[in-house]
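1. next come a sequence and a model predicted from it.
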Amino acid sequence: MGATCLRTALCAAKVSIMSVLRRGSSTAATTVLSEVSPYGSRRLVIESDGVVTAAYLKDVRGNVVGAAWVANHQAAPVEQDRARVDAGLAPLMPASHVRHPEGRKPLQADSLEVVWFEEGDGVAVLEAGEPLCVIPGWSDMSRGIPGYSRDMKRQSPFAFPLDDEIDEFTPRVKRAREHWEVCAKDGSWADFQQSILGHLLQRLGPGGHYWHDVGRQHPGGKSGVAPTVGVSERPAQEGRDFTVLSTVGMSRQRMPTIELYEDDVSPHSRIELAVATTLPSQRAGSIFPWLSQYPWRSVTWFAPGDVVKWYHEAHTFPLNTEGSQWEGVLLLEDPSRLAGPVPPGLTGLSIGGDHVRWLWLVPITAEEHRYAKNEGSDALVRRLAQQGRSWVVS
């Protein structure tokens, strides 16, 4: 969704009442369908009380982040249904807003298909193969922005007409379905893995150790949750006295929420992370289980200049050495902005038509993290450069 469309949606939402759907399900409703996203960070719940069906997109704590009215199952009233709203129930939409003013038959779970967007921040529901409702990543019930419903024909705080954005959603749903179908195929991960490893071979030379599925080892993480991510070691060689450790797998899927900030997501959507170091590889590489699934687990994205604070006690930070006080990382696309040797170039790889960017990890202190948050990452980079801070972790 472009910035102009988002602003339009926001303006429309501001002149309407805050959606009761933000409150979530009612005790009178029964669950038609419930499904967790492949990343484990969102749950889709479709519920009906026999009068109205609504769809909810919830976070891991059960809070409603996106929602949409789906259908009336009784004759539509002439005016807005205030009684159900006041009772905390999803309302019967008025006849002027719906395609089936007489009400439609209840949804059958076996006729529904859930298609998660590859970013994991949005979802589409198909009925008998046709789009029924879409809750995109920009649906935000805290701001009164609902999802989209096929049976809605006029904009409402409870749902927007799906027809208004069907030309955008149709190819996106197709792309998402194809993404998950490819991921499920035997050998597809090996093919993707080899494309990344081949690129690293060309840019960094022969590989050393390889760690499998590091993201699934994150403390408290759910076993088997996507994405699959490994770490490749490229040992020091003639002309390079440091090892490069790189993730392998983050770029297989786009990161979430980028479309809230960028009209064209393609240049920003796919990354891998790298660290250059003279520390023991296994020790330095233990930074990646924390970061490799972070965007999809936390439903956010990494951009050059981002700073990320370590989630645990400072003394457990993987890149700490005796005398250091690192408590987070700075992500740099161009590490030559800091002191150190000429960085190896890792550009030139594309996945799904999107350019893959490598972001380099530079450890920072808690004070430097606060400084970046207050003054901006460019100010922090300038300060570190003035101090002679190297981008190589040693």
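-> Arrived safely, thanks for sending. Numbers count the residues shown, from 1 in each chain.

2. and the longest strand for this structure?
-> Counting by DSSP state E, the longest strand found in the chain is strand 354-365.

3. list the contacts for Arg104?
-> Ala71, Asn72, His73, Asp151 (C-beta atoms under 8 Å, 6 or more residues apart in numbering). C-beta: built from backbone N, CA, C; applies to glycine.

4. show the pLDDT at it.
-> In this model, Arg104 is scored at 97, pLDDT.

5. before we move on, what SS does it have?
-> Using DSSP: H, G, I helix; E, B strand; the rest coil, the structure places Arg104 in coil.

6. and it, how far from Asp151?
-> 7 Å (C-beta to C-beta, to the nearest Å).

7. got any residues that touch both of those two?
-> Contact criterion C-beta under 8 Å, 6+ apart; residues shared by Arg104 and Asp151: Ala71, Asn72.

8. quick revisit: which strands and helices sit next to whichever helix or strand comes after the longest strand of the chain?
-> Going down the chain from strand 354-365, the next helix or strand is helix 366-375, by DSSP states H and E. Packing contacts for helix 366-375, counted by 3 or more C-beta pairs under 8 Å, 6 or more residues apart in numbering; DSSP states H and E, involve strand 307-309, strand 326-332, helix 377-386.

9. what lines up beside the shortest one in the sheet?
-> Pairing partners of strand 307-309, with direction, according to DSSP bridges: strand 326-332 (antiparallel).

10. picking that back up, against which helices or strands is the longest strand of the chain packed?
-> Using 3+ C-beta pairs under 8 Å, 6+ apart: strand 354-365 touches strand 270-277, strand 326-332, helix 377-386.

11. make it 6 Å
-> strand 270-277, strand 326-332 (3 or more C-beta pairs under 6 Å, 6 or more residues apart in numbering; DSSP states H and E).

12. that strand - what's its average pLDDT?
-> On average, strand 354-365 scores 98.

13. show the pLDDT at Ala314.
-> Looking at Ala314, the pLDDT reads 87.

14. show me the helices in the stretch 1-150 of the chain, by range?
-> 3-14, 82-86 (DSSP state H, counting those that start in this stretch).

15. before we move on, back to that, now, of the contacts of Arg104, which are buried?
-> Buried subset of the contacts of Arg104 (neighbour count, 16 or more other C-beta atoms under 10 Å): Ala71, Asn72, His73, Asp151.

16. report the contact partners of the residue nearest the centre of the chain.
-> When C-alpha atoms, centre = their mean is applied to the chain, the residue found nearest the centroid is Pro256 (2.5 Å). Residues counted as contacts of Pro256 (C-beta atoms under 6 Å, 6 or more residues apart in numbering) are Glu119, Gly120, Asp121, Val299.

17. scan the residues you listed and report the most crowded one.
-> The most crowded member of the contacts of Pro256, judged by other C-beta atoms under 10 Å, is Asp121 (31 neighbours).

18. and that one, what pLDDT?
-> At Asp121, the model reports a pLDDT of 96.

19. low-confidence ranges in the stretch 1-150 of the chain?
-> Where the stretch 1-150 of the chain drops to pLDDT under 70, the residues are 1-27.

20. which residues of it fall in strands?
-> With strands called from DSSP state E, counting those that start in this stretch, the stretch 1-150 of the chain shows them at 30-36, 43-48, 52-58, 64-72, 112-116, 123-127, 130-135, 148-149.

21. and of the ones you listed, who's closest to Leu346?
-> Leu346 lies closest to strand 112-116 among these, at 29.3 Å (C-beta to C-beta).

22. between the helices and strands packed on helix 366-375, which one is nearest to Ala366?
-> Closest among these, using C-beta to C-beta: strand 326-332, at 4.3 Å.

23. restricting to C-alpha, output the closest one in CSV.
-> Output of strand 326-332 as CSV, limited to C-alpha atoms (Å, rounded to 0.1, in the frame of the first residue of the first chain):
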residue,chain,number,x,y,z
TRP,A,326,29.1,-4.1,24.2
GLU,A,327,25.3,-4.4,24.6
GLY,A,328,24.0,-4.2,21.1
VAL,A,329,24.8,-3.8,17.4
LEU,A,330,24.8,-1.2,14.7
LEU,A,331,23.9,-2.4,11.2
LEU,A,332,26.0,-0.9,8.4
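
24. and that strand, what's its mean pLDDT?
-> On average, strand 326-332 scores 97.

25. could you give the angle of it to strand 270-277?
-> 120 degrees (axes from the mean of the first three to the mean of the last three C-alpha atoms, to 10 degrees).

26. helices of the stretch 151-300 of the chain, residue ranges please.
-> 166-184, 188-204, 281-285, 288-291, 294-298.

27. if we can go back for a sec, now for the buried ones among the contacts of Arg104: which two are most distant?
-> Farthest pair in the buried ones among the contacts of Arg104, by C-beta to C-beta: His73 and Asp151, 10.8 Å.

28. distance of the residue of the chain most remote from its centre from His97?
-> If you look at how far each residue of the chain sits from its centre, by C-alpha atoms, centre = their mean, the farthest one is Val78, at 40.1 Å. Distance, Val78 to His97, using C-beta to C-beta: 11 Å.

29. again with Ala76
-> Taken as C-beta to C-beta, the span from Ala76 to His97 is 8 Å.

30. higher neighbour count, these two?
-> His97 (22 against 18).

31. the nearest residue to the more buried one once chain neighbours are set aside: neighbour count?
-> Excluding the flanking residues, the one nearest His97 by C-beta to C-beta, 6 or more residues apart in numbering is Arg154, at 4.5 Å. Burial measure for Arg154: 12 neighbouring residues, criterion other C-beta under 10 Å.

32. measure Asn345 to Pro206 for me?
-> I think there's a mix-up here, since residue 345 is Gly and not Asn. 17 Å.

33. give me the low-pLDDT residue ranges for the stretch 151-300 of the chain?
-> Using pLDDT under 70, the flagged stretches of the stretch 151-300 of the chain are 216-224.

34. again, 90 this time
-> Within the stretch 151-300 of the chain, the segments meeting pLDDT under 90 span 213-226.

35. if we can go back for a sec, show me which of the helices of the stretch 151-300 of the chain has the highest average neighbour count.
-> Highest mean neighbour count of these: helix 288-291, a mean of 23 (counted as mean count of other C-beta atoms under 10 Å).
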